[in-house]
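S.K.: Fold the following and give me the result.
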Amino acid sequence: MKILCVIDSLNQGGAQRQLIGLALGFKEKGHDVSFLTYHDIPFFNHLLDQSGINITCIVEPRYLIRILKMRVFIRKGKFDAVLSFLEASGFICEIVGFPVRKWKLIIGERSNNPNIVKSFKLKAYRWFHIFSDYVVANSNANMQLVRTINPFLSKSKCKVIYNTIDLNLWKPSLDYTPRKGGKLKIIVAARDHPYKNLHGLIEALSDLSNSEKEAVKVEWYGIDKMDQIQKEYSKINKYHLENVISLFPGTTEMIKITQDADVVGLFSFYEGFPNAVCEGMACSKTIICSSVSDMPIFLSGNMNLLCDPHDPISIANVIRYAISLTNEELIQMGDKNRKSAEIHFNKDNIVSQYLTLFS
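M.R.: Predicted structure coming up:
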């Protein structure tokens, strides 16, 4: 089968990582896979290059000309299936199919941004989903939002397929021991975007007692625009949190970083379905998280692990709870999360679900 994956760029991001993971899975099963992007940001290019997956980048600032060039590329490609992630990319692929097309078109919905219902453009993107063969969301919450915006989508066209994780890569470290440095190590893997809520996390850490601050170390990975977070840096200094939280740029070493952590945290205002949580679960980590997306379903056994991202006190309380856990409890929670990941995020099963839609 000849499969084309379409996305805006190969910059670091959850949607990019998921689409690349799927593409590698398609390739492993013997399919001819290629990528089409329109912004030349090659953060993840090396992963596709290593597997012999061709990348075509159509850099064209004029929007209509870009669509025309992508239309020519796709229609000449004789693809059997086109899989597109992110709303603008999906819209382009739906337009490219007019008036008729010979390929299957699957649109991946990855955002549960509540502002979608307030934006004409973002709602319009979802209205065009009627021209796709299937719409795949990575959470039930996300699919509910899409169907609210576009009630004309038939139920049979709407599918929920969770994120895929390579469980052979994202796995527990054999030499892991809790609190190696004498402190509970919490990592956050997220971009420096306001909805990821670095501001709320800093406010929450400032609410901890001195003894609690001494007991925890938070590391945030994904800060690539340092000049845009000067307010956050100022607050870290103002609250004397320099020894409590550290900010790092994005890195390709997140597997090892996650394996060495005690807890994986995510404090976003909204999420489609967070990769960092899936990967943390696969690495047998305790998860503390905003009550967003389908997280209440996965962590429903212990509501102390969930917080309200709009309330710094709620975030502080979930961090306090994590600090209070014994080493044995951290290991037990992590083992439970690994078993859940093996059921819900198995790469082979999820790749097969997409291939079934293609065929």
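
S.K.: what about the stretch 101-250 of the chain, any weak spots by pLDDT?
M.R.: 227 (pLDDT under 70).

S.K.: Helices along the stretch 251-359 of the chain, start to end?
M.R.: Taking DSSP state H, counting those that start in this stretch as the criterion, the stretch 251-359 of the chain carries its helices at 254-260, 275-282, 295-298, 312-324, 327-344, 347-358.

S.K.: just flag whichever of the ones you listed has the lowest average confidence.
M.R.: Ranked by mean pLDDT, these bottom out at helix 295-298, with a mean of 84.

S.K.: mind checking which of the helices of the stretch 251-359 of the chain is nearest residue 87?
M.R.: For the helices of the stretch 251-359 of the chain, the distance to residue 87 is smallest for helix 275-282, at 17.8 Å, taking C-beta to C-beta. Bear in mind the C-beta positions are built from the backbone N, C-alpha and C, glycine included.

S.K.: List the contacts of residue 279.
M.R.: 165, 170, 189, 254, 255, 258, 264 (C-beta atoms under 8 Å, 6 or more residues apart in numbering).

S.K.: repeat that with 6 Å
M.R.: Taking C-beta atoms under 6 Å, 6 or more residues apart in numbering, we find residue 279 in contact with 170, 258.

S.K.: just residue 307 next, same as before
M.R.: 290, 314, 315, 318.

S.K.: from what I can see the first one touches residue 267, true?
M.R.: Yes. Between residue 290 and residue 267 a contact is recorded at 5.5 Å, counting by C-beta atoms under 6 Å.

S.K.: what sits in contact with each of the two?
M.R.: Counting by C-beta under 6 Å, 6+ apart, the common neighbours of residue 290 and residue 267 are residue 309.

S.K.: tell me the SS of the closest residue to residue 331 other than its chain neighbours?
M.R.: Excluding the flanking residues, the one nearest residue 331 by C-beta to C-beta, 6 or more residues apart in numbering is residue 178, at 6.7 Å. What DSSP: H, G, I helix; E, B strand; the rest coil gives for residue 178 is coil.

S.K.: Kindly provide the distance from residue 178 to residue 295.
M.R.: Residue 178 sits 23 Å away from residue 295, going by C-beta to C-beta, to the nearest Å.

S.K.: Check residue 357 too.
M.R.: Distance, residue 357 to residue 295, by C-beta to C-beta: 25 Å.

S.K.: likewise residue 74?
M.R.: Residue 74 sits 36 Å away from residue 295, going by C-beta to C-beta.

S.K.: got it, and residue 34?
M.R.: Per C-beta to C-beta, residue 34 is found 34 Å from residue 295.

S.K.: what do you get for residue 315?
M.R.: For residue 315, the distance to residue 295 (C-beta to C-beta) stands at 14 Å.

S.K.: Of the two, which one has the most company?
M.R.: residue 315 (25 against 22; other C-beta atoms under 10 Å).

S.K.: just checking, that one touches residue 204?
M.R.: Yes. Applying C-beta under 6 Å as the test, residue 315 and residue 204 come out as touching, 3.6 Å apart.

S.K.: What segments of the stretch 101-250 of the chain are strands?
M.R.: For the stretch 101-250 of the chain, applying DSSP state E, counting those that start in this stretch gives strands covering 104-109, 134-137, 158-160, 184-189, 216-221, 245-248.

S.K.: now the ones you listed in a markdown table, with mean neighbour count and distance to residue 23?
M.R.: Below are those laid out as a markdown table (neighbours: other C-beta atoms under 10 Å; distance: least, C-beta to C-beta, whole Å):
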| stretch | mean neighbour count | distance to residue 23 |
| --- | --- | --- |
| strand 104-109 | 24 | 12 |
| strand 134-137 | 22 | 15 |
| strand 158-160 | 18 | 18 |
| strand 184-189 | 23 | 21 |
| strand 216-221 | 21 | 24 |
| strand 245-248 | 17 | 27 |
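
S.K.: Of the ones you listed, which is nearest residue 117?
M.R.: strand 104-109 (14.0 Å).

S.K.: Just the C-alpha atoms of the closest one, please, in PDB.
M.R.: Below are the C-alpha coordinates for strand 104-109, written out as PDB (Å, rounded to 0.1, in the frame of the first residue of the first chain):
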ATOM      1  CA  LYS A 104      -8.700   7.000   1.200                       C
ATOM      2  CA  LEU A 105      -8.500  10.100   3.300                       C
ATOM      3  CA  ILE A 106      -8.200   9.800   7.100                       C
ATOM      4  CA  ILE A 107      -8.100  13.000   9.100                       C
ATOM      5  CA  GLY A 108      -6.500  12.900  12.600                       C
ATOM      6  CA  GLU A 109      -8.000  15.200  15.200                       C
END
